[in-house]
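1. For reference, the sequence and a predicted model appear below.
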Amino acid sequence: MQSSNNGLGRYGEEVAARWLTAGGLRILERNWRCAEGELDIVALDGDTLAVCEVKTRSERGFQEPSEAIDRTKAERLRHLAERWLGERWPAHFDGLARIATAAGEDPAVEPGVEAQAALLASPAPLPPGGVRIDLIAVVNRLKGAAQVEHYRGAV
């Protein structure tokens, strides 16, 4: 049963990534992991960072995907989003090269210790549109394409 659930989950994440990309979002990262858990998809929706939790169910399932996030899961997603921002956000805007250039170093070469320290001291600002946590609900239907619902700001 676990193996089929893993396959269903991977399928749902692939469907969700394609759905988001087709809708104009830019995927920054998939399946980011740390000791506390995993974020399925992190994407930019215009100037808003969208942390997306993907829930996939089969058509014959008893629970809707949107029912799978309880208060504990929501808190964990918020914590993981904060951690991702702290660890990964500056890297997506070439923060090291920006600091290296400001320090008068060659941006094509990894910046020196001083430039890296400056980056850590002044992290990149948050996205102008803010951060939201979305739910992507995927239902794997018996016939035809999967049904996808995107709940923006669900958490």
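-> Done, it's in.

2. Number of residues surrounding Trp84?
-> 19 (other Cβ atoms under 10 Å). Just so you know, the C-beta spots here come from the backbone N, C-alpha and C atoms, and that holds for glycine as well.

3. mind checking which helix or strand it is in?
-> helix 71-88 (DSSP states H and E).

4. now for the longest helix anywhere in the chain, which elements pack on it?
-> Scanning the chain for the longest helix, with DSSP state H as the assignment, gives helix 2-22. Judged by 3 or more Cβ pairs under 8 Å, 6 or more residues apart in numbering; DSSP states H and E, helix 2-22 is in contact with strand 26-34, strand 37-45, strand 48-58, strand 131-140, strand 147-151.

5. ok, back up a step: quick one: contacts of the helix holding Trp84?
-> Taking contacts as Cβ atoms under 8 Å, 6 or more residues apart in numbering, the residues outside helix 71-88 that touch it are 28-29, 32, 34, 36-39, 42, 49, 51, 53, 69, 123, 126, 131, 133, 155.

6. winner for burial among the helices and strands packed on helix 2-22?
-> By mean neighbour count, with neighbours taken as mean count of other Cβ atoms under 10 Å, strand 48-58 ranks first of these at a mean of 23.
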